[in-house]
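1. quick one: sequence and predicted model below, then my questions.
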Amino acid sequence: MANGKIRATIALDGDREYKQALRECKKETQELKGELSTLSAEYRDNENSIEALTKKNELLTEKQKAYKAQLEAALDGLKNAKTQYNEYGDRIEALSKELEEAKKKQDDLKAAGLESSDAYKEQERNVEELQKELDQYSDKQEAARKAVNSWQKEVTTANKELNNCDKELAENDKYLDEAKRSADGCATSIDKYGNEVKEAAEDTGKLSVSLGDMVKNKIIDLAGDALVELGRKAIDAAKYVIEVGSSFESQMSKVQAISGASATEMSKLTEKAEEMGRTTKFTAEEAGQGLTLRYTTYSGPAA
């Protein structure tokens, strides 16, 4: 067996209970996050409605309480660790003084030629015991120091999470108030998907932008070189779709049917049109029309 000194992990008094309390608080916050995700899925096409925002407000309030409890648990654990760290420090200081005095007495007995006396042997044992106790408290203080750092991180995390929850709750309160005051019972600062609504001018840097201008300025990305393969048939198909004024889905399917575009190419175009419908003042159908306008500006090789 190795002769090295083996030290067991030192646990602070009461630390286990504080950690258990913190784990329970974290579990509750995770469960509430799951409930909020479920709520978002349930109202995914109506997240700006009074009903959805009211239920979200209730869950956010519960989550706020849970984060406050988590912060309190972390602060309690930190306080306990700091208290024990200071207590161990005081004990180390006292033991250091006792050990210094004990060693001095031992040196005095040795200087008097009494090394073989019972008094010297007793003082020698006293010095050893004090040194052992000092080492033990030094280990305890080091464990307490690590605990203080660990709990401080928990406090920082809990405080950050609480601040984020406070902001989220304040925003939801604003949206709920908007919904209550609106004619259709829906908030105006967020869309039905729960995304913040931005003015078109903010997105494009202009007061007003026509679809033609958007095409000329290349705001609509048409997947670049992939369009070259569509050829003149794509142009004809796009013109036809604009003329009949059909729905977005019909437009895109007819473009694919007539042009012979691959599924990958059509997927890129469809995703871009839907993105424009979500993030600008234009609907997905209008964005689809913008795509077809871009086709008419393209002069590719004859099919």
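-> Nice, thanks for sending it over. The shown structure was predicted, so the numbers you read here are calculated from the model rather than taken from an experiment.
2. can you get me a residue count around the closest residue in space to residue 89 that isn't next to it in sequence?
-> Leaving aside its sequence neighbours, residue 89 sits nearest to residue 141 (Cβ to Cβ, 6 or more residues apart in numbering; 6.0 Å). Quick note: C-beta positions are derived from backbone N, CA and C, even for glycine. Here the number of neighbours of residue 141 (other Cβ atoms under 10 Å) works out to 20.
3. just residue 116 next, same as before
-> 7.
4. three-state assignment of it?
-> Following DSSP: H, G, I helix; E, B strand; the rest coil, residue 116 is assigned to coil.
5. domains of this protein?
-> According to automatic domain parsing, the chain comprises the domains 15-181, 205-297.
6. worst mean pLDDT among the ones you listed?
-> Within those, confidence is poorest for domain 205-297, with a mean of 55 (mean pLDDT).
7. residues of stretch 94-106 that come out buried?
-> 95, 99, 102, 103, 106 (16 or more other Cβ atoms under 10 Å).
8. tell me the helix or strand right after the helix or strand harbouring residue 104.
-> Assigned by DSSP states H and E, residue 104 belongs to helix 50-111. Helices and strands here follow DSSP H and E; after helix 50-111, the next one along the chain is helix 118-181.
9. what pairs with residue 196 across the strands?
-> Using DSSP bridges, the bridge partners assigned to residue 196 are residue 190.
10. how far away is it from residue 46?
-> Using Cβ to Cβ, to the nearest Å, residue 196 is found at 16 Å from residue 46.
11. and if you look at residue 141?
-> Distance of residue 141 to residue 46, given as Cβ to Cβ: 58 Å.
12. ok, the nearest residue to residue 63 once chain neighbours are set aside - contacts?
-> Using Cβ to Cβ, 6+ apart and skipping residues adjacent in sequence, the residue nearest residue 63 is residue 32, 4.3 Å away. By Cβ atoms under 8 Å, 6 or more residues apart in numbering, residue 32 lies in contact with 59, 62, 63, 66.
13. kindly report the same for residue 26.
-> Listed by Cβ under 8 Å, 6+ apart, the contact partners of residue 26 are residue 70.
14. tell me which element it falls in.
-> Residue-wise, residue 26 maps onto helix 15-42 under DSSP H and E.
15. now for the helix holding residue 104, which elements pack on it?
-> helix 15-42, helix 118-181 (3 or more Cβ pairs under 8 Å, 6 or more residues apart in numbering; DSSP states H and E).
16. turn the ones you listed into a markdown table, including distance to residue 83.
-> A markdown table is the format used below for the helices and strands packed on helix 50-111 (distance: least, Cβ to Cβ, whole Å):
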| stretch | distance to residue 83 |
| --- | --- |
| helix 15-42 | 11 |
| helix 118-181 | 9 |
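17. now do residue 67 against residue 29, distance only.
-> From residue 67 to residue 29 the distance is 6 Å (Cβ to Cβ).
18. can you list residues touching both of the two?
-> The contact lists of residue 67 and residue 29 share residue 161, where a contact means Cβ under 8 Å, 6+ apart.
19. higher neighbour count, the two?
-> Higher neighbour count among residue 67 and residue 29: residue 67, with 24 against 21, using other Cβ under 10 Å.
20. if we ignore the residues flanking it in sequence, what's nearest the more buried one?
-> The spatial neighbour of residue 67 that comes closest, neighbours along the chain excluded (Cβ to Cβ, 6+ apart), is residue 162 at 4.1 Å.
21. contacts only, for the one you found.
-> So residue 162 contacts 64, 67, 68, 70, 71 (Cβ under 8 Å, 6+ apart).
22. do residue 101 as well
-> Residue 101 is in contact with no residue at all, counting by Cβ under 8 Å, 6+ apart.
23. separation between it and residue 126?
-> 10 Å.
24. now swap in residue 17 and tell me
-> For residue 17 relative to residue 126 (Cβ to Cβ), the value is 37 Å.
25. more neighbours, the two?
-> Taking neighbours as other Cβ under 10 Å, residue 17 and residue 126 compare with residue 126 leading, 17 against 12.
26. contacting residues around the more buried one?
-> Neighbouring residues of residue 126 by Cβ under 8 Å, 6+ apart: residue 102.
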